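Undergrad: Fold the following for me, if possible:
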Amino acid sequence: MKSNKCQYWGNDSEVRFLLNLIYNRKPDNQFSNLDISKLVRLIELHKILPFIFLKFKKYGVVVPPETASYLKNQYLFSLKRNLCFWREFLNIVDIFYQRKIAMVPIKGIDILVRFYPSFDIRDMCDIDILVKEEELTLAEGALKELGYQKKLYGLKEEYWRKKQCHIAFWKESISVEVHWGLDFKRKVTILPNLWERTKEILIQNYKIRVLSEEDALFSLALHLRHFGNILALKRVLDAANIINQAPNFNWNYVLEESKKGRMQAAIYFILMQVKLFTKTDIPEYILNSLIIPRWQKKFIKEFILKNSFHITPSLKKNYLIAHLLLYDCIVEPIWYLINIPYEQFCKFYNLQPYTNKANVLYNIRFLYMPIKLIFCPKQQEEFLLAVIVILYLAHIFIPCLPLPY
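TA: Down below sits the predicted model:
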C-alpha cells in the first residue's frame, strides 16, 4: 500500500507550516492558529532555526514578540559562532598547509561555505575535518600547536583509534573532530578514490581542498549510521543543496560506489528524505537502481514519515530501528550489535565505563539487550525489534549463523 503523508501529519498545522517554508511557499497559517511552543520545538529538533528565522523575514511572517525575540537571539548566536568557527578553520588550513598535511573539511563547515549562500543560514556545533589515517599523528601535533587538547570523554584512546573513526580536540569553546574515515572500520573498502577526487576551490582568497559533491553526499549518508538525531531536517536540506548545486552530479558514481561499499541502503535513506521533504528532483531510476529488498525500501519510507515530526522523539529507539535499515544486509547491523564495542554499549545504556556494573552487563549483553528491547513500549516497527531478538538468540545457539565478515 502506498504511503500517504496525510495519514501521518497531514492535519498537523505546525508541520504543514514548517514544510511550506522549506518548499519556499509563503505559509497561509496565522500564528494564532498554531501551537507556538510545538512549532519552536520542531524547529529546534530539526536544527533549522537560522534557516526558518530567515524565511520568516523573507515572507514577512508576523511572529509573537516573545517568540520573535527568542528566534532572533538564537539566530545571532548561531551566526556569531559560525564566524568564529570559520576564522578558526582558516587557522587550521594555514598550519596544515605549512606542514603539508592533507585535509578536507566535511559535513557542516564544508556544506555551509560551499552550498549555502551565506554564513547565517545554517547552524554548526563543531568543525569536522578529514585526514589520511597515516597522517593522524601529524594532524594531532598541528592542532596542539594551535592550543587544542585531545578530549577522550573518559574513554581509552585505543577505543577511539580502533572502534571509531574520529577523535575530538577542544580549545576553549571550539571543538574540532578529526576524522580518518567516513564510517566505522569494516572489512569492505569504501570510496577508495576519495582523495584522488578531491579538488581545490577558492574561498575568501583561500585555496581549500574539498570533497567531490558525490563524496560529500556519502559523508552525510554514512553519518546516519552514527548515534544521534538521524531524522533532523538540517541534514536533509544539506543533501538537497549538494544535489541542486552540482549541475554535473555524477549519479553513476554514487550507484557504483554505494554498491561496492555496501552503502545502498544509507544512500536510499537520505535520498528518500530529500524526496519527501524538499522540492529536489531525485530521478526515480536512481531510487530503483539501488538494490535493496522491497520490504526494506518500504520500511525506510514508512519510518521516515511516521517518526520525523514526533515532538518528543526517542533517539535511542529511532537509532535501533534505523540501524537495521541503513545497511544493505540485515545481518551486518545484527553482527555489529552482537559485537558492539564495550564503550559504545556503555554510552547507549548510560553506564559508567570501566566499572564492575558495566563489565558484568557487557559480559551478559546477549541476555541484557534483548530483555531491554522486549520491555520497551511497543512500536509499529516491533517486527524489526523482534528480528533483533531472534537473531541474537539464534547466534547464541547456532554459532555457525553466517555473519558478513
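
Undergrad: For the stretch 201-350 of the chain, which segments count as helices?
TA: Taking DSSP state H, counting those that start in this stretch as the criterion, the stretch 201-350 of the chain carries its helices at 213-223, 233-244, 251-260, 264-277, 284-289, 294-307, 315-325, 331-338, 342-348.

Undergrad: so how far is residue 312 from residue 70?
TA: 20 Å (C-beta to C-beta, to the nearest Å). For glycine as for every other residue, the C-beta is placed from the backbone atoms N, C-alpha and C.

Undergrad: shaky segments in this protein?
TA: 1-11, 28-32, 313, 373-405 (pLDDT under 70).

Undergrad: just checking, what packs against the longest helix seen in it?
TA: Among the elements of the chain assigned as helix by DSSP state H, the one spanning the most residues is helix 65-98. Packing partners of helix 65-98 (3 or more C-beta pairs under 8 Å, 6 or more residues apart in numbering; DSSP states H and E): helix 36-45, helix 49-59, strand 103-105, helix 108-115, strand 127-131, helix 136-145, strand 174-179, strand 206-210.

Undergrad: mind checking which of these is nearest residue 305?
TA: Residue 305 lies closest to helix 36-45 among the helices and strands packed on helix 65-98, at 15.2 Å (C-beta to C-beta).

Undergrad: Show me what that closest one is packed up against.
TA: Right, helix 36-45 is packed against helix 13-22, helix 65-98 by 3+ C-beta pairs under 8 Å, 6+ apart.

Undergrad: Need the winner for burial among the ones you listed.
TA: Among the helices and strands packed on helix 36-45, the stretch with the highest mean neighbour count (mean count of other C-beta atoms under 10 Å) is helix 13-22, at a mean of 19.

Undergrad: on that earlier part again, turn the helices of the stretch 201-350 of the chain into a markdown table, columns for mean neighbour count and distance to residue 116.
TA: As requested, those are arranged in a markdown table below (neighbours: other C-beta atoms under 10 Å; distance: least, C-beta to C-beta, whole Å):
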| stretch | mean neighbour count | distance to residue 116 |
| --- | --- | --- |
| helix 213-223 | 22 | 13 |
| helix 233-244 | 23 | 6 |
| helix 251-260 | 17 | 22 |
| helix 264-277 | 23 | 16 |
| helix 284-289 | 12 | 24 |
| helix 294-307 | 17 | 23 |
| helix 315-325 | 20 | 26 |
| helix 331-338 | 19 | 33 |
| helix 342-348 | 19 | 32 |
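
Undergrad: and of those, who's closest to residue 162?
TA: helix 342-348 (10.4 Å).

Undergrad: contacts for that closest one?
TA: Contacts with helix 342-348, where a contact means C-beta atoms under 8 Å, 6 or more residues apart in numbering, come from 155-156, 159, 163, 227, 316, 340, 351-353, 358, 361-362, 365.

Undergrad: Give the buried residues for whichever helix or strand comes after it.
TA: Next in sequence after helix 342-348, counting helices and strands by DSSP states H and E, comes helix 356-363. Under the neighbour-count criterion of 16 or more other C-beta atoms under 10 Å, helix 356-363 has 358, 361, 362 buried.

Undergrad: Just after helix 356-363, pick out the following helix or strand.
TA: Following helix 356-363 in sequence, per DSSP H and E, is helix 365-374.

Undergrad: Next, the angle helix 331-338 makes with that next one.
TA: Using axes from the mean of the first three to the mean of the last three C-alpha atoms, to 10 degrees, the direction of helix 365-374 lies 110 degrees away from that of helix 331-338.

Undergrad: got the angle for helix 365-374 vs helix 315-325?
TA: 110 degrees.

Undergrad: And helix 365-374, what does it pack against?
TA: Using 3+ C-beta pairs under 8 Å, 6+ apart: helix 365-374 touches helix 382-397.

Undergrad: OK, contacts around residue 204?
TA: residue 90.
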